[in-house]
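**Student:** here are the coordinates; sequence isn't available:
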């Protein structure tokens, strides 16, 4: 058990388990550790094909990714541990699948916080998967509202592009593993100017839980609002987790 996890357990803190969006890895959430202060121990899912696992074959199926990650997630949180899950876009549906699995493994999920995502039964009408490379990148740039500068460097692009394509294929082909809703409260976050996910779609998550206390929260910005609003996202999660809204 690492020192941070041991300290968190002694202090009675829950883990904030972050699930990366398409193309992102755990390092995106590293700044959140300091922003979280003593509220949670911040950790994240580390999928094949990214960062330390860059040489591994990436998943192309969300349900398989959840099942393939669950042992590492439980080992990180600890059986009997408490966690809040956060996922943005692709990460939202992967977090939803993990929530289904964690209860059976003795991990108490206090809340599922989804971001930038329609409900799990709604698929995106306009897609990027399967397009030629340049059209694919243009479509992803349109969806995200920005282009990652690493894609303009040939060597980095060669590494990143296949994983990004796999992530998009995984997201756009997602079908929930079950029609049964989860039993934990859900909070759905959305950038107020998100042109990819409507407010009504973000509120569809109400039907994905049998628990009381569904909340919908808007923050300033577009689909990728969380890039610049890490502190505000964490404040919103804290307010929801403490029943502050």
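**Tutor:** Nice, thanks for sending it over. All values derive from a computational prediction rather than experimental measurement. Numbers count the residues shown, from 1 in each chain.
**Student:** only C-alpha atoms for contact and neighbour calcs from this point on.
**Tutor:** OK.
**Student:** give the contact list for the closest residue to residue 59 other than its chain neighbours.
**Tutor:** Excluding the flanking residues, the one nearest residue 59 by CA to CA, 6 or more residues apart in numbering is residue 65, at 5.9 Å. Applying CA atoms under 8 Å, 6 or more residues apart in numbering, we find residue 65 in contact with 47, 59, 94.
**Student:** again, only this time at 10 Å
**Tutor:** For residue 65, the residues meeting the contact criterion (CA atoms under 10 Å, 6 or more residues apart in numbering) are 47, 48, 58, 59, 94, 97, 98, 170.
**Student:** For those, give me CSV that also has pLDDT, secondary structure and distance to residue 204.
**Tutor:** Below are the contacts of residue 65 laid out as CSV (pLDDT from 0 to 100; DSSP: H, G, I helix; E, B strand; the rest coil; distance: CA to CA, whole Å):
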residue, pLDDT, secondary structure, distance to residue 204
47, 94, coil, 27
48, 93, coil, 30
58, 92, coil, 29
59, 93, coil, 26
94, 98, helix, 16
97, 97, helix, 16
98, 98, helix, 19
170, 91, helix, 20
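**Student:** looking at those, which has the most residues close by?
**Tutor:** residue 94 (30 neighbours; other CA atoms under 10 Å).
**Student:** any idea what sits nearest residue 236, other than its immediate chain neighbours?
**Tutor:** Once flanking residues are discounted, residue 236 sits nearest to residue 217: 7.9 Å by CA to CA, 6+ apart.
**Student:** Tell me the helix or strand right after the host helix or strand of that neighbour.
**Tutor:** Using DSSP states H and E, residue 217 falls within strand 215-219. Remark: after strand 215-219, the chain's next helix or strand is helix 230-241, criterion DSSP H and E.
**Student:** Let me know the angle separating that next one from strand 215-219.
**Tutor:** In terms of direction (axes from the mean of the first three to the mean of the last three CA atoms, to 10 degrees), helix 230-241 departs from strand 215-219 by 160 degrees.
**Student:** residues of helix 230-241 that come out buried?
**Tutor:** 230, 233, 234, 236, 237, 238, 240, 241 (16 or more other CA atoms under 10 Å).
**Student:** Now do the helices in the chain.
**Tutor:** 3-11, 30-36, 62-77, 90-104, 133-144, 154-172, 199-202, 230-241 (DSSP state H).
**Student:** Could I get the ones you listed in TSV, plus columns for distance to residue 84?
**Tutor:** Output for the helices of the chain, formatted as TSV (distance: least, CA to CA, whole Å):
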stretch	distance to residue 84
helix 3-11	14
helix 30-36	13
helix 62-77	11
helix 90-104	10
helix 133-144	25
helix 154-172	22
helix 199-202	19
helix 230-241	8
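**Student:** which one of those helices has the most crowded surroundings?
**Tutor:** helix 90-104 (a mean of 23; mean count of other CA atoms under 10 Å).
**Student:** That one: how far from the chain's middle?
**Tutor:** Offset of helix 90-104 from its chain centre (CA atoms, centre = their mean, to the nearest Å): 9 Å.
**Student:** circling back: counting contacts, what elements does the strand holding residue 217 pack onto?
**Tutor:** Strand 215-219 sits against strand 108-115, strand 186-191, helix 199-202, helix 230-241, with contacts defined as 3 or more CA pairs under 10 Å, 6 or more residues apart in numbering; DSSP states H and E.
**Student:** which residues touch the third one?
**Tutor:** Outside helix 199-202, the residues that touch it by CA under 10 Å, 6+ apart are 114-120, 122, 187-193, 216-218.
**Student:** Kindly recompute the last result at 6 Å.
**Tutor:** Residues outside helix 199-202 that contact it (CA atoms under 6 Å, 6 or more residues apart in numbering) are 117, 118.
**Student:** average model confidence for it?
**Tutor:** The average of the pLDDT scores along helix 199-202 is 97.
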